[in-house]
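A.B. asks: Need a 3D model of the sequence below.
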Amino acid sequence: MKKIKTPIIPIHQTFVKIKNEPEELDHKAICLFAATGFFWDDSTYWKHKKVLRPGTISEIDNNGYLVSSKAWFKWYYKPRTQSFVASLQQYQELFEQIIEEQIGDQQAILPLSGGLDSRSQAVALKKLGKKVASYSYSFQGGYKEHKISQQIAKVCDFEFQAFEIPPHYLWDSIDELAEINQCYSEFTHPRQMGVLEELKKMEGLFSLGHWGDVLFDKGGDEGIQDQDLVDYIHKKVIKKGGMELAQSIWQSWNLEGDFKTYLKETTQTLLKRIDIQNTSAKVRAFKSMYWAPRWTSINLSVFAAAHPITLPYYDDRMCELICQLPEAHLADRKLQIEYIKQNNPQVAKIVWQDQKPFNLTNFQKNKTPYNLPYRVVDKLKREVQAKLGKKFIQRNWELQFLGKENERQLESHLFNSNFKDFVDPSLVKDLYTKFKTQDQVFYSHPVSMLLTLSVWNSRELSSRE
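C.D. replies: Prediction:
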């Protein structure tokens, strides 16, 4: 018998077996996976196999069966009556303490973006005097995100490398990626897979800023009524084309009831476990309990394949702090923005990618008429690029799915002879045809999920041989 205590936001999935559950596929759970890109709660591909829930202490017997499990942490909202200055001080002290403990005297490998999470880490690592090797990546033919990152690295005096995500890298690495993430996430989101071999050449351990954007912002609009909260959650987690895909698979498997009802009932059940009245804090808790461990953490496994990973925003103490800070202080990234402005004004003056061409000191001007010149010039650039026949790449799937070679590889998986026994081939053909002829953006998620299910199915069949 062994005891396992899971963190508030686990980095890894811990699988256990469930007694008296049939060793058969959990088709309903797979439909939820298809709709959102992550498995919900403790579900997996199998009914008899589950994942330990976040913030629990569980007993596992010597055969891997779950004996008991109870929560040691439950998300709550008990805001302290304090000033914004006090909240900022608490955040700053804890954030820097965690990074100090996590990095120690090792070199930090810092993926930089044009956003706030990694920028906050850059400021802290610089302030703490850590040695840092930083990098960024851009899509081939897309926005040169690394230009902003490079400016941040220069101000902080960090080493810096700019990587470019190449087209159709996925097909040479799909088996390795499937081994890394066990097909619990689709394959085009972790773009770092395209430069994994380069990342392995770096030295140190990763300092990753994942989940800062969720913890340090409002979870949702306050005052949403309970009957509307389910729909609000669905708008956040259901991917474009995800509902059509899930409903189609549900019907093809002749499952009892209908997918929409199952989705609604599951969401209501999970929301009832969160004893928080403030809707913004409740939505944040929902995301942190069910989305972070089963989607964000899955994709962290690619980083872990190169070097050890650390995540200051995943720390239990950070989650506890979030439960005690007023929503007004968390909303709109106020704490992170002020932390950067006070501790490194130069970094604060570098363009904020989400608010181009403005920065952390003047982003409030990102509205008409102040942003009109930039919008006009940006639109003209795109029109010129289009006239020259150059497609502006914004998403990784565009590099991995479009073009003749990509199509050949993709179709070899989607129309694999073994896959027809798992998912109805007429369903696959219909959605893939819509992707090619109707709306690539809308149907890119269904195609990506079908690819994931096909690879999982092939791996499962191979393991039985």
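A.B. asks: Local confidence estimate at the most centrally placed residue in the chain?
C.D. replies: With distances taken as CA atoms, centre = their mean, the residue of the chain nearest its centroid is Thr296 (3.6 Å). With respect to pLDDT, Thr296 scores 95.
A.B. asks: can you give me the helices in the stretch 301-450 of the chain?
C.D. replies: Here the stretch 301-450 of the chain has its helices, by DSSP state H, counting those that start in this stretch, at 316-322, 327-330, 334-343, 345-348, 372-387, 396-401, 404-414, 425-437, 440-464.
A.B. asks: Which element is encountered next along the chain beyond the strand or helix carrying Ile152?
C.D. replies: Taking DSSP states H and E as the criterion, Ile152 maps to helix 146-156. Downstream of helix 146-156, the next assigned helix or strand under DSSP H and E is strand 159-165.
A.B. asks: who does that next one pair up with?
C.D. replies: Applying DSSP bridges, strand 159-165 is found paired with strand 132-139 (parallel).
A.B. asks: Check the offset of the partner strand from the chain's centre.
C.D. replies: Distance of strand 132-139 from the chain centroid (CA atoms, centre = their mean, to the nearest Å) equals 18 Å.
A.B. asks: And for stretch 189-196?
C.D. replies: Mean-position distance between stretch 189-196 and its chain equals 13 Å (CA atoms, centre = their mean).
A.B. asks: same check, this time on stretch 81-95
C.D. replies: 27 Å.
A.B. asks: Which residues does that stretch contact?
C.D. replies: Contacting residues not belonging to stretch 81-95 are listed as 80, 120, 124, 312, 317-318, 321, 325-326, 328-329, 334-335, 338-339, 342-343 [CB atoms under 8 Å, 6 or more residues apart in numbering]. No exception for glycine: its C-beta is placed from N, CA and C like everyone else's.
A.B. asks: what helices or strands is the helix holding Ile152 leaning on?
C.D. replies: With contacts defined as 3 or more CB pairs under 8 Å, 6 or more residues apart in numbering; DSSP states H and E, the packing partners of helix 146-156 are helix 117-127, strand 132-139, strand 159-165, helix 345-348.
A.B. asks: least reliable of the helices of the stretch 301-450 of the chain going by mean pLDDT?
C.D. replies: Of all those, helix 372-387 has the smallest average pLDDT, which comes to a mean of 63.
A.B. asks: any idea how far the residue nearest to Ile11 when sequence neighbours are not counted is from Tyr232?
C.D. replies: Among residues not flanking Ile11 along the chain, Ser297 sits closest, at 5.4 Å (CB to CB, 6 or more residues apart in numbering). Distance from Ser297 to Tyr232, counting by CB to CB, to the nearest Å: 23 Å.
A.B. asks: Next up, identify which helix or strand the residue nearest to Ile11 is on.
C.D. replies: Using DSSP H and E, Ser297 falls in helix 297-304.
A.B. asks: again, but for Ser185
C.D. replies: Counting by DSSP H and E, Ser185 is part of no helix or strand.
A.B. asks: doesn't Gln13 make contact with the residue nearest to Ile11?
C.D. replies: Yes: in terms of CB atoms under 8 Å, Ser297 counts as a neighbour of Gln13; the distance is 7.4 Å.
A.B. asks: Look at those two and report which has more neighbours.
C.D. replies: Neighbours of Ser297 and Gln13, each counted by other CB atoms under 10 Å, are more numerous for Ser297; the result is 25 against 20.
A.B. asks: show me the contacts for the more buried one.
C.D. replies: With contacts defined as CB under 8 Å, 6+ apart, Ser297 is in contact with 9-13.
A.B. asks: can I assume the residue nearest to the centre of the chain is in contact with Gly212?
C.D. replies: No: the criterion here is CB under 8 Å, and Thr296 misses it with Gly212 at 11.1 Å.
A.B. asks: so where's this structure uncertain?
C.D. replies: Residue ranges of the chain with pLDDT under 70: 140-144, 374-393, 465.
A.B. asks: Show me the domain layout of it.
C.D. replies: When the chain is parsed with automatic domain parsing, its domains come out as 1-74+226-270, 84-216+290-359, 372-464.
A.B. asks: which residues are contacting the helix or strand hosting Glu176?
C.D. replies: Element membership for Glu176, per DSSP H and E: helix 170-181. With contacts defined as CB under 8 Å, 6+ apart, helix 170-181 is touched by 187-188, 190, 193-194, 196, 298-299, 301-302, 305, 400, 406, 409, 455-456, 459.
A.B. asks: what is the orientation angle of that helix with helix 297-304?
C.D. replies: Counting by axes from the mean of the first three to the mean of the last three CA atoms, to 10 degrees, helix 170-181 lies at 110 degrees to helix 297-304.
A.B. asks: Pull out the buried residues from helix 170-181.
C.D. replies: Neighbour-count burial for helix 170-181 flags 170, 173-174, 177-178, 180-181 (criterion: 16 or more other CB atoms under 10 Å).
A.B. asks: So which of the residues you listed is the closest to Tyr135?
C.D. replies: Proximity of the buried residues of helix 170-181 to Tyr135 (CB to CB) peaks at Ser173, which lies at 18.4 Å.
A.B. asks: I'd like the distance between that closest one and Pro190.
C.D. replies: From Ser173 over to Pro190 (counting by CB to CB), the distance is 10 Å.
A.B. asks: does Val455 really touch Cys183, like I thought?
C.D. replies: Yes: the pair Val455 / Cys183 is scored as a contact, 5.9 Å apart, by CB under 8 Å.
A.B. asks: and these two? which has more neighbours close in?
C.D. replies: The residue with more neighbours, out of Val455 and Cys183, is Cys183; 23 against 20, by other CB under 10 Å.
A.B. asks: Give the closest residue to that one in space, chain neighbours not counted.
C.D. replies: Spatially, and ignoring its direct neighbours in sequence, Cys183 is nearest to Trp456 (3.7 Å; CB to CB, 6+ apart).
A.B. asks: mind listing what that neighbour touches?
C.D. replies: 45, 178, 183.
A.B. asks: hmm, 10 Å instead?
C.D. replies: Trp456 sits next to 30, 33, 45, 178, 182-184, 419, 422 when contact means CB atoms under 10 Å, 6 or more residues apart in numbering.
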